[in-house]
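>>> The following block contains a protein sequence and its predicted model.
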Amino acid sequence: MIYMSTIISVPHPTLRTKCEPIQSITLEVQEEIQDLIDALKGAHNPEGVGLSFPQIGISRRGFATYLEKKIRIYLNPEIIDQSEETTLGGTPERPTLEGCLSIPHLYGPVPRAKKIKIKAIDEHGVEVYKTLTSFAARVFMHEQDHLDGILFTDYTLKHNLPLYFLDNEQDKFIQVEDPIKIIKW
């Protein structure tokens with residue numbers, strides 16, 4: 001089945017589904033990986049740094065990242081170890097604001113482990129083990145969350161964190177007064 005590489009948005013139910021593991025890399029899975037890559041590379045305003053299968057309507061455990069001009073595929077990814085210390089990224093005064101291609105125009109800080117060790121399978125079926133830190137770790141954890149039906153806005157509510165709307169015309173972030181009124185998915 002060939003998908004149209006369309007990125008779905010909240011409140012689409014696939015975004016809240018726990019995804020199924022990939023049993024083998026079939027022709028269908030290879031086509032879905034290409035659709036995932038096409039959708040990620042085709043995302044503009046904003047551009048994306050990661051995209052998961054559920055974001056294109058496929059309930060499989062896998063995602064792509066696009067960092068340092070390189071696409072990486074992670075199938076059946078797992079975090080096998082992580083630091084106890086968490087961070088909001090950036091600096092205390094200016095934390096990293098996560099966004100999501102499935103939640104247009106909203107951004108917020110998310111507490112994430114500073115360092116993770118991961119295991120996954122690449123698009124060729126080869127097991128990959130890596131240690132990720134900083135922004136690459138943050139992107140991995142964000143996409144990993146998607147595979148369990150978790151959205152970054154869940155952390156906003158859980159930790160009572162601020163949420164921001166990006167006003168493209170003024171090119172600035174505007175804090176949302178009451179995130180609960182907006183986050184209904």
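Great, that's in hand.
>>> distance between the helix or strand in which Leu132 is found and the chain's centre?
According to DSSP states H and E, Leu132 maps onto strand 127-133. In terms of C-alpha atoms, centre = their mean, to the nearest Å, the centre of strand 127-133 is found 17 Å from the chain centre.
>>> now the helices for the chain?
With DSSP state H, the ranges of helices along the chain come out as 27-42, 134-146, 152-158, 179-182.
>>> For the ones you listed, give me JSON lines that also has mean pLDDT.
Formatted as JSON lines, the helices of the chain follow (pLDDT from 0 to 100):
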{"stretch": "helix 27-42", "mean pLDDT": "97"}
{"stretch": "helix 134-146", "mean pLDDT": "97"}
{"stretch": "helix 152-158", "mean pLDDT": "97"}
{"stretch": "helix 179-182", "mean pLDDT": "90"}
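>>> Pick the most buried one from those.
For the helices of the chain, average neighbour numbers computed from mean count of other C-beta atoms under 10 Å are highest in helix 134-146, which has a mean of 21. C-beta coordinates here come from the backbone N, C-alpha and C atoms, glycine included.
>>> What helices and strands are in contact with that one?
Packed against helix 134-146 by the contact rule (3 or more C-beta pairs under 8 Å, 6 or more residues apart in numbering; DSSP states H and E) you find strand 50-52, strand 62-67, strand 70-82, strand 98-100, strand 112-113, strand 115-121, helix 152-158.
>>> Pick the most deeply packed of the ones you listed.
Buried most deeply of those, by mean count of other C-beta under 10 Å, is strand 50-52, with a mean of 27.
>>> any weak-confidence spans in this protein?
Applying pLDDT under 70 to the chain picks out residues 1-5.
>>> Which among the helices of the chain is found nearest to Tyr74?
Among the helices of the chain, the nearest to Tyr74 by C-beta to C-beta is helix 134-146 (7.3 Å).
>>> That closest one to strand 115-121, inter-axis angle?
50 degrees (axes from the mean of the first three to the mean of the last three C-alpha atoms, to 10 degrees).
>>> CA-only coordinates of helix 134-146 in PDB, if you can.
In PDB, the C-alpha atoms belonging to helix 134-146 read as follows (Å, rounded to 0.1, in the frame of the first residue of the first chain):
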ATOM      1  CA  SER A 134      21.500  17.100  23.500                       C
ATOM      2  CA  PHE A 135      19.200  17.900  20.600                       C
ATOM      3  CA  ALA A 136      19.600  14.500  18.900                       C
ATOM      4  CA  ALA A 137      18.500  12.700  22.100                       C
ATOM      5  CA  ARG A 138      15.600  15.200  22.400                       C
ATOM      6  CA  VAL A 139      14.400  14.500  18.800                       C
ATOM      7  CA  PHE A 140      14.700  10.700  19.400                       C
ATOM      8  CA  MET A 141      12.700  10.800  22.600                       C
ATOM      9  CA  HIS A 142      10.000  13.100  21.000                       C
ATOM     10  CA  GLU A 143       9.600  10.600  18.100                       C
ATOM     11  CA  GLN A 144       9.700   7.600  20.400                       C
ATOM     12  CA  ASP A 145       6.800   9.100  22.300                       C
ATOM     13  CA  HIS A 146       4.700   9.200  19.200                       C
END
